[in-house]
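Visitor: Just to be clear, the model below is a prediction. Sequence and coordinates:
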Amino acid sequence: MQPQSHKKQRRREVLLGLITLLAAFSYVASLLLDFNFVSPDATIQEDLAYLSNHLQNQQISVWSWLVTAIMTFLAIPFYILLFHKRIKVLPYLNALMLLGASVGFLMMGLTGVGLFHDLTAVVQKGIELADEQTRLDLLFMFDDEQFYRRVGSSFLGTFVFGLGLTKIWIKRYPLISSILLCISGPTMIYFNWHDPDHIIRTAAMAGIVIGMTIFCVRLINKGM
């Protein structure tokens, strides 16, 4: 590889590593800040009363998911530029998965913004004065918000699985990262839809973060 081409390649690798690392940690931060106000042991009135008293928490959660959507989207062109000459089809499929994740998180954030706006209006009038349909509409918006989170996370799980497969074509890809991503991605998708609160889902998310971190550190320090 010519010196000029090598420098350009290293710049792409470093940029992709940094942006992907930021997107991964942004996703983790969004999960930690995610605000769930629905309890199986509480009534609709109690759920909404709790939410109305924690509007700021809900707003912070919404903005964190919007930031995650933006960071995920920004990683797409760098990912394609880095791998499209080395692997024929996989980079484009993985880029589509990243786009799906970004759109899912964006829709979650926008739905959360709508929920915050509507709830603020209800709180100003008095949450106890809201009729049953209004309360149900707010809960349906929350359900939509959580649905988009599952969709975005599932696309992300598919992406990291595909990223782990990169080891087949690029031998310098870190083996530990490949194993973690190939196992954790599908595991997170399964528990995402069947039991989001299961400890195995948490372990899968940890595996994804560790695998992505190893990949990013390798990109930044040594490249592929």
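Guide: Thanks, I have the structure now. Residues are numbered from 1 along each chain as shown.

Visitor: in the protein, which ranges drop under the pLDDT threshold?
Guide: Low-confidence segments of the chain, defined by pLDDT under 70: 1-4, 35-48, 51, 127-130.

Visitor: can you pull out the helices in the chain?
Guide: With DSSP state H as the criterion, the chain has helices at 3-33, 44-52, 55-83, 90-125, 132-164, 175-194, 199-221.

Visitor: Dump those to CSV, plus mean neighbour count.
Guide: C-betas here are computed from N, CA, C, even on glycine. Listed next are the helices of the chain as CSV, based on neighbours: other Cβ atoms under 10 Å:
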stretch, mean neighbour count
helix 3-33, 17
helix 44-52, 17
helix 55-83, 19
helix 90-125, 19
helix 132-164, 20
helix 175-194, 19
helix 199-221, 19
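
Visitor: now Tyr79: how far from Met212?
Guide: From Tyr79 across to Met212, the span is 12 Å (Cβ to Cβ, to the nearest Å).

Visitor: shared neighbours of these two, anything?
Guide: Jointly contacting Tyr79 and Met212 under the rule Cβ atoms under 8 Å, 6 or more residues apart in numbering are Thr20.

Visitor: Give me the contact list for stretch 140-158.
Guide: For stretch 140-158, using Cβ under 8 Å, 6+ apart, the contacting residues are 27, 34, 36-38, 65, 69, 72, 97-105, 107-108, 111-112, 114-115, 118, 184-186, 188-189, 192-193, 196, 204, 208.
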